[in-house]
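Colleague: Give me coordinates for this.
(chains A and B)
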Protein chains: 2
Amino acid sequence: MADVIIPSRILMGPGPSNIHSRVLQAMALPTLGHMDPLYFKLMDQLAANLKTIFRTSAPLTLTLPVTGMGAMEACLVNLLEPGDEALFCVAGFFANRMPEIAKRLGVKVHVLETPWGGNTAPEKLAAALKANKIKLVGLVHGETSTGVVQTNLPEIAKLCHDNGALLLVDTVASLGGVDFETEKWDIDAVYTGSQKCLSAPPGISPLTFGPRAEDALKKRKTPCASWYMDLGLIRKYWDETRAYHHTGPIHLTYALLEAVKLMNEEGHEARLARHAKAAKALQAGFEAMGLKLFVEDPKNRLATVTTVCIPDGCDDKKVRKALIDRHSLEVGGGIGQLAGKTWRVGLMGEGARANHVLILLSALGGILKAEGHKVHAGAGVEAAAAVLLT
Amino acid sequence: MADVIIPSRILMGPGPSNIHSRVLQAMALPTLGHMDPLYFKLMDQLAANLKTIFRTSAPLTLTLPVTGMGAMEACLVNLLEPGDEALFCVAGFFANRMPEIAKRLGVKVHVLETPWGGNTAPEKLAAALKANKIKLVGLVHGETSTGVVQTNLPEIAKLCHDNGALLLVDTVASLGGVDFETEKWDIDAVYTGSQKCLSAPPGISPLTFGPRAEDALKKRKTPCASWYMDLGLIRKYWDETRAYHHTGPIHLTYALLEAVKLMNEEGHEARLARHAKAAKALQAGFEAMGLKLFVEDPKNRLATVTTVCIPDGCDDKKVRKALIDRHSLEVGGGIGQLAGKTWRVGLMGEGARANHVLILLSALGGILKAEGHKVHAGAGVEAAAAVLLT
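Modeller: Below you'll find the predicted structure:
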């Protein structure tokens, strides 16, 4: 087989995002042993930087050598035992994976469904919590399948706690790009991915467990069903015990540490403002161009992934192929019930910048025009540029 | 916290091993999306190269986004269901993790123990297989805790099959450094790590399932207890379905692909001969120096990790610290019942070379002499050099 020449892509799908050259260079540093005292120092620095990003002081804050989906499973397998009852708020593709995983663990699963495009209403959650004895509520903060952000998280957390339930939140596509406060909002367990708003390579995933989640670990009656994901063992590799459990993903640790340092150098407020402005510009651009945004209520729109409706008669795959072939630009297709109906445009981490917004609008506008669609390509770029200059 | 300056280490512990600069450079190439057709081509190339290294043509040959311990769990969770009976041949620390994992899966676990330093005798395995209805036998090919290689694998495979059991073999520390033939020896399921004899970064792990293991997957009555590790889902990301399951560990894929290409450029026979000669030189050097090898029978010695007894009165940690501080050279301490009693010296992948052998013998000899131990440091180096020149 001939070698593949790996091109530079403009990554504007729902992840991975583009990676800063400081992070790529850090990844290629020489290998340390996973029990080297210098590597332990890097783990400590990573945990400290992650606490800043999660906005928490929880001691149980670390990374797992898995992707975001592995972190989802790790949270569920540590917090739930066979026979427990869990309630999942499902308003998209990714939240639906939580009940799939939990069922395999012998958990009694309840699902609170919300039509795609909306987000979970606290009053419906309150009713569901009253009707059952729920140990854990799971939901997704930024649902990339729909482009919706779950609002009301402090209220939802309070509802959960008033009913004796833990709240587990997936921030794979939101942490570091959208406002999220683990401690202030009183969220019990949170995980994220590395390759989205953190702009690090995939394969390593941060999580944090607060006091209620810690307590649930202590009160388990059965061992964690997964040895590989057992936080009781893994935390002893991260704390002063330094007990060997797995080989730390050394080079991914270098990369993620550099990525979170970059984030903390930029600062929390500046970073969120950058994401918000880029998203506002993109969304204004789409609307000025004549395209319809899938999420109607602006306050429900996820800044990091915008879902835009594919115009009638437009060949989804042909357009995305033209973006890749002509501009080396990746956007995501729709997923699940939105396949063929929406595009998913990511502005995450390093990618949440003016240049990405403008190149996507101009490239997509040109392709749609050439395909005979009535779009106002120039107006889209002008509207976005105006927002970007504010 | 001050930044850590990451030094160049000579990695001679039981993994990770040193990584070729071509692999480090490949890892830092630009990010591709995990659903990019170019990334699919890389996955195909990786699978093809891995088949050459596993010595198999099995279609179900792929990598998982986990470390070697995750691959161990993935094999067990896919091949076993609650109520199944499994037999684990335990002659060291790592094999003992298999029953730990299997118990959590609700499997009825049998253990055939062999004192550390030996390996499993086929006649004892035969008796254990006759006495129980075993679905799967698990063992470790190269046990780094003891430095023993499990011989007689073709005979063991036949015994398993004659008794209707599958054979699962851990080759985390052996594949690519020690003779291993998946198909010729008729092994049903094999996994390995990336950071040992393959000399790639940790966090991605190859495995291969042959026809009997495939059949066991088809005959499952319950879903795989782990969604993240479910090979029925993961294989659809690797085959022409290209169904999204997880975000491929993109940069680790680049790195591992480059590493296995390097291996296949060197060639199977040349690579094994290089490992064998380096180990023979190191072991001759230790003996000429006056140190005792832990594994008495030379044919049971693992070429990739040599266990050498720590001399009486020697301060284990002080010596290893001096190797790190003075020579930036890492060797492993003993593990489990051999903690404080042995050193574990790895010669794996890129590290299985004459220069590593000679620097370890001269550095260790000097340190032991300075500590007042009666070692023939020069004789050790001379004996090793003589073997290396053959």
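Colleague: tell me the SS of A:H245?
Modeller: Look at A:H245: counting by DSSP: H, G, I helix; E, B strand; the rest coil, its state is coil.
Colleague: how about it, what does it touch?
Modeller: Taking Cβ atoms under 8 Å, 6 or more residues apart in numbering or on different chains, we find A:H245 in contact with A:233-234, A:236-237, B:69. (C-beta placed from N, C-alpha, C; glycine too.)
Colleague: ok, now with 7 Å
Modeller: By Cβ atoms under 7 Å, 6 or more residues apart in numbering or on different chains, A:H245 lies in contact with A:233-234, A:236-237.
Colleague: Spell out which parts of the stretch 201-350 of chain A neighbour chain B.
Modeller: Residues of the stretch 201-350 of chain A found near chain B (Cβ under 7 Å from any Cβ of the partner chain) are A:201-204, A:223, A:225-228, A:246-247, A:249-252, A:330.
Colleague: which two in the residues you listed are spaced the farthest apart?
Modeller: Spatially, the most separated pair among these is A:P223 and A:E330, at 41.8 Å (Cβ to Cβ).
Colleague: Give me the mean pLDDT for stretch A:74-83.
Modeller: Mean per-residue pLDDT for stretch A:74-83: 98.
Colleague: Check stretch A:170-189 too.
Modeller: Mean pLDDT, stretch A:170-189: 98.
Colleague: related to what we said a few turns ago, A:P223 and A:E330: who's more crowded?
Modeller: Set A:P223 next to A:E330 and count neighbours by other Cβ atoms under 10 Å in any protein chain shown: A:E330 wins out with 22 against 14.
Colleague: Tell me which helix or strand the more buried one sits in.
Modeller: Of the helices and strands defined by DSSP states H and E, A:E330 is found in strand A:329-333.
Colleague: Run through the stretch 101-250 of chain A and note the low-pLDDT ranges.
Modeller: Applying pLDDT under 70 to the stretch 101-250 of chain A flags no residue at all.
Colleague: Quick one: residues contacting the closest residue to chain B within the stretch 251-390 of chain A.
Modeller: Closest to chain B within the stretch 251-390 of chain A is A:H251: 4.2 Å, counting by Cβ to the nearest Cβ. Contact analysis of A:H251 by Cβ under 7 Å, 6+ apart lists A:27, B:27, B:201.
Colleague: Could you do A:T307 as well?
Modeller: Neighbour list for A:T307: A:146-147, A:294-295, A:342, A:344 [criterion: Cβ under 7 Å, 6+ apart].
Colleague: A:R344 too?
Modeller: Counting by Cβ under 7 Å, 6+ apart, A:R344 touches A:13-14, A:144, A:147, A:305, A:307, A:331-332, A:334.
Colleague: pretty sure A:G176 contacts A:E266?
Modeller: No - the pair A:G176 and A:E266 fails to qualify as a contact (Cβ atoms under 7 Å) at a distance of 9.9 Å.
Colleague: With neighbour numbers in mind, choose between those two.
Modeller: Higher neighbour count among A:G176 and A:E266: A:G176, with 26 against 12, using other Cβ under 10 Å.
Colleague: so what's that one up against?
Modeller: By Cβ under 7 Å, 6+ apart, A:G176 lies in contact with A:53, A:197-198, A:263, A:271, A:349.
Colleague: can you tell me the helix or strand for the closest residue to it other than its chain neighbours?
Modeller: Among residues not flanking A:G176 along the chain, A:C197 sits closest, at 3.6 Å (Cβ to Cβ, 6 or more residues apart in numbering or on different chains). Using DSSP H and E, A:C197 sits within no helix or strand.
Colleague: any idea which of the contacts of A:G176 is closest to B:K218?
Modeller: Of all those, B:K218 sits closest to A:L198, with 39.0 Å by Cβ to Cβ.
Colleague: ok, the closest one touching A:G349?
Modeller: Yes - between A:L198 and A:G349 there is a contact under Cβ under 7 Å: 6.0 Å.
Colleague: just the strands in the stretch 151-300 of chain A please.
Modeller: A:166-170, A:189-191, A:205-209 (DSSP state E, counting those that start in this stretch).
Colleague: nearest to A:R97, of these?
Modeller: Taking the strands of the stretch 151-300 of chain A one by one with Cβ to Cβ, strand A:166-170 is closest: 9.0 Å.
Colleague: Could you tell me the angle between that closest one and strand A:205-209?
Modeller: For strand A:166-170 against strand A:205-209, the angle by axes from the mean of the first three to the mean of the last three Cα atoms, to 10 degrees is 160 degrees.
Colleague: So for strand A:166-170, what gets flagged as buried?
Modeller: A:166-170 (16 or more other Cβ atoms under 10 Å in any protein chain shown).
Colleague: JSON lines please, covering the residues you listed and showing distance to A:V23.
Modeller: Shown next, in JSON lines, are the buried residues of strand A:166-170 (distance: Cβ to Cβ, whole Å):
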{"residue": "A:L166", "distance to A:V23": "33"}
{"residue": "A:L167", "distance to A:V23": "31"}
{"residue": "A:L168", "distance to A:V23": "28"}
{"residue": "A:V169", "distance to A:V23": "25"}
{"residue": "A:D170", "distance to A:V23": "23"}
